[in-house]
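Enquirer: Prediction below, plus the sequence it came from.
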There are 2 protein chains.
Amino acid sequence: MEYNPLKLENQLCFPLYAAAKEVVKKYTPLLRKIGLTYTQYITMMALWEDRAANVKALGEKLFLDSGTLTPLLKRLETAGLVERRRGEADERNVMVTITDKGLSLREKALEIPMELGRCLDMTAADSKTLYVLLYKILRQ
Amino acid sequence: MEYNPLKLENQLCFPLYAAAKEVVKKYTPLLRKIGLTYTQYITMMALWEDRAANVKALGEKLFLDSGTLTPLLKRLETAGLVERRRGEADERNVMVTITDKGLSLREKALEIPMELGRCLDMTAADSKTLYVLLYKILRQ
DNA sequence: TATAATTTAATTGCGTACAATATATAAGAG
DNA sequence: CTCTTATATATTGTACGCAATTAAATTATA
């Protein structure tokens, strides 16, 4: 029997693609409670770490481009979670700053990682291995 | 220093989400040559294995629902790669059948897995480990 | 066997994703 | 000090991706 490189079962990318979607799907009902999508959630996570960043820096951190971030940030702004302001020194930059409301949302989000962990059910060792391998891919 | 569950660095889902997108992005220029998106590509892969399947079966195999598949399959039909026909025994089903053109596209796609492998650059052992872990997630 | 419950796709609405392009600002070259 | 080049966002267009709903066909049940 000849090896078939186009068999779904022989793909590495397919389970990567599918697993990512399935896990994001598990987040959805949890994030709904705090009114965020998954992409908005990781954006807020970046801003919970550093209260301000320009679009470019956010994009590099989150692996997203302005085509995704600009409308997303406008939605977060409409929700009162962030502010967007053109940079004063360099007007090409748009500084995104988290608001008090955005900061306080963090308290409500604190339970989410643990709740998700419960429905993911992987050993610590497997999680660590997976984590390392995924960052190997991201570093390329 | 207290453990911060909401740090991007401490997430497992984030690199999963980001790596999946990055890998799909690597496929894009290769798939463009044969006129497919990544999702269309895995759909064709399913049909290269089994020349016909209904939407439900495709959805289960590919982890996609009809909201994604219906318009995607219509595009593949417009491109002449598949045919869609209501089932005769059970008219709820829509049978998707690959055309000759769809079958012959497989030849052009044969190089893609190897080309991608070259720009992914993981050891066989790492690939295998990752594969197993991703399917652990998918089985839940 | 009439009716209720289930199943299968399609549709709707919203939010990503991203390539390609446009626009505005800033930096660099001559 | 112009003119070119580079940089940072925004916009446009296409294609997902999925929750929720709808519609039609089938199956189960009283």
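Expert: Everything's here; your move. Residues are numbered from 1 along each chain as shown, chains lettered A, B, ... in the order given.

Enquirer: what does the average pLDDT come to for the longest helix that chain A contains?
Expert: Among the segments of chain A that qualify as a helix by DSSP state H, the longest is helix A:13-32. Mean pLDDT, helix A:13-32: 98.

Enquirer: Show residues contacting it.
Expert: Helix A:13-32 is contacted by residues A:8, A:37-38, A:40-41, A:112, A:115-116, A:119-120, B:13, B:16-17, B:19-21, B:23-24, B:27, B:38, B:42, B:45, B:62-63, B:116, B:130-131, B:134-135, B:137-138, B:140 when judged by C-beta atoms under 8 Å, 6 or more residues apart in numbering or on different chains. (Glycine included, C-beta is placed from N, CA and C.)

Enquirer: What is the helix or strand of chain A with the lowest mean pLDDT packed up against?
Expert: One helix or strand of chain A scores below all others by mean pLDDT, DSSP states H and E: helix A:112-120, with a mean of 91. Identification of packing neighbours for helix A:112-120 by 3 or more C-beta pairs under 8 Å, 6 or more residues apart in numbering or on different chains; DSSP states H and E yields helix A:13-32.

Enquirer: How about the helix it packs on and DNA strand D, touching?
Expert: Yes. Counting by C-beta under 7 Å from any atom of the strand, contacts between helix A:13-32 and DNA strand D involve A:21, A:22, A:24, A:25, A:28.

Enquirer: Remind me which helix or strand whichever residue of chain A sits closest to DNA strand C belongs to.
Expert: Residue of chain A nearest DNA strand C, by C-beta to the nearest atom of the strand: residue A:67 (2.9 Å). Per DSSP states H and E, residue A:67 falls inside helix A:66-78.

Enquirer: next helix or strand past that helix?
Expert: Sequence order places strand A:82-86 as the next helix or strand after helix A:66-78, per DSSP H and E.

Enquirer: what packs against that following strand?
Expert: Under the contact criterion of 3+ C-beta pairs under 8 Å, 6+ apart, strand A:82-86 touches helix A:66-78, strand A:94-98.

Enquirer: Secondary structure class of the nearest residue to residue A:130 once chain neighbours are set aside, three-state.
Expert: With sequence-adjacent residues excluded and distances taken as C-beta to C-beta, 6 or more residues apart in numbering or on different chains, residue A:130 is closest to residue B:133, at 4.7 Å. The three-state assignment at residue B:133 reads helix, by DSSP: H, G, I helix; E, B strand; the rest coil.

Enquirer: how many neighbours does residue B:133 have?
Expert: For residue B:133, the number of neighbouring residues by other C-beta atoms under 10 Å in any protein chain shown comes to 21.

Enquirer: ok, it - contacts?
Expert: By C-beta under 8 Å, 6+ apart, the neighbours of residue B:133 are A:122, A:126, A:129, A:130, A:133.

Enquirer: would you list the helices and strands packed on strand A:82-86 in JSON lines and tack on distance to residue B:86, mean neighbour count and mean pLDDT?
Expert: Shown next, in JSON lines, are the helices and strands packed on strand A:82-86 (distance: least, C-beta to C-beta, whole Å; neighbours: other C-beta atoms under 10 Å in any protein chain shown; pLDDT from 0 to 100):
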{"stretch": "helix A:66-78", "distance to residue B:86": "38", "mean neighbour count": "15", "mean pLDDT": "98"}
{"stretch": "strand A:94-98", "distance to residue B:86": "50", "mean neighbour count": "19", "mean pLDDT": "98"}
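
Enquirer: now for these, which one comes closest to chain B?
Expert: helix A:66-78 (10.1 Å; C-beta to the nearest C-beta).

Enquirer: On the pLDDT front, check residue A:3 for me.
Expert: You'll see residue A:3 listed with a pLDDT of 88.

Enquirer: Was I right to think it contacts residue A:10?
Expert: Yes. Shown here, residue A:3 and residue A:10 form a contact pair, counting by C-beta atoms under 8 Å, at 7.5 Å.

Enquirer: neighbour-wise, which of those two wins?
Expert: Neighbours per residue (other C-beta under 10 Å) separate residue A:3 from residue A:10, with residue A:10 holding more: 13 against 6.
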